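[1] The following comprises the amino acid sequence and a computationally predicted model.
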Amino acid sequence: MAVDFSKFDEQVDSNVLGKEVEEAKKNGGFEDLPKGKYVVSVEKMEIGATKGDGRPMFTLQCKVKEGEYKGRNVFMNRVIYGNKSEKWDDAKAIASVITILDKLQTSIEPEFYNYSQFVDNVLDIYEEIEGKIEISIDYDAKSFNPISFTPEDVYDVA
């Protein structure tokens, strides 16, 4: 059964929209947020799956709350399974996520016993902070840890 999109076609000037799409493709969409300090809210935090092979991955999505880039999103993703480097393995990846979660100073202790439990642990921590904190972060899209902050950089807003 096909979906009828004609009502959307009637609401836009397809020629103008087509030109805007071509321009966006040429410009590559959004540029990376410049390296710097930003106040953000945590919009999403979960253990999901990588697109390619479905490995577990920690995802942190934040939104800039003020300044020139207000409303822009910043992301951090950390694959936590299948890391095979001598310098970086699964245990170090998971420990790095726990370090980030610890800095949020929640009543729920970040702990890893197995992947299923860790998924729930991360969701519980997110539920505790959702809409209740802002964080002053140092952001560098080109860094291995693009988002860094200290426990002192976490502020209650609710």
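    The structure has been received and is ready for your questions. Residues are numbered from 1 along each chain as shown.

[2] Once you drop chain neighbours, what's closest to the spatially most central residue of the chain?
    Nearest residue to the geometric centre of the chain (Cα atoms, centre = their mean): Gln61, 2.3 Å. Excluding its sequence neighbours, the residue lying closest to Gln61 (Cβ to Cβ, 6 or more residues apart in numbering) is Lys44, at 3.9 Å. Quick note: C-beta positions are derived from backbone N, CA and C, even for glycine.

[3] by contact count, what packs against the longest strand seen in the chain?
    Criterion DSSP state E: the longest strand present in the chain is strand 36-49. In terms of contacts (3 or more Cβ pairs under 8 Å, 6 or more residues apart in numbering; DSSP states H and E), strand 36-49 is packed against strand 56-64, strand 73-79, helix 115-129, strand 133-139.

[4] Which positions in the first one come out as buried?
    What it means is strand 56-64. Buried residues in strand 56-64, defined by neighbour count with 16 or more other Cβ atoms under 10 Å: 56-64.

[5] Kindly format the C-alpha coordinates of it as CSV.
    Only the C-alpha atoms of strand 56-64 are listed here, as CSV (Å, rounded to 0.1, in the frame of the first residue of the first chain):
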residue,chain,number,x,y,z
PRO,A,56,26.5,-1.7,21.9
MET,A,57,27.2,2.0,22.0
PHE,A,58,26.8,4.7,24.6
THR,A,59,25.2,7.8,23.2
LEU,A,60,25.0,11.2,24.8
GLN,A,61,23.1,14.1,23.1
CYS,A,62,23.2,17.6,24.6
LYS,A,63,21.6,20.9,23.5
VAL,A,64,23.4,24.2,23.8
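
[6] That one packs against which elements?
    Where contact means 3+ Cβ pairs under 8 Å, 6+ apart, strand 56-64 is packed against strand 36-49, strand 73-79, helix 115-129.

[7] do the longest one as well
    With contacts defined as 3+ Cβ pairs under 8 Å, 6+ apart, the secondary structure elements packing on helix 115-129 are strand 36-49, strand 56-64, helix 90-103.

[8] For the helices and strands packed on strand 36-49, give me a markdown table that also has mean pLDDT and distance to Ser6.
    Formatted as a markdown table, the helices and strands packed on strand 36-49 follow (pLDDT from 0 to 100; distance: least, Cβ to Cβ, whole Å):
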| stretch | mean pLDDT | distance to Ser6 |
| --- | --- | --- |
| strand 56-64 | 96 | 34 |
| strand 73-79 | 93 | 32 |
| helix 115-129 | 97 | 40 |
| strand 133-139 | 96 | 43 |
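
[9] Please consider this matter closed, and thank you.
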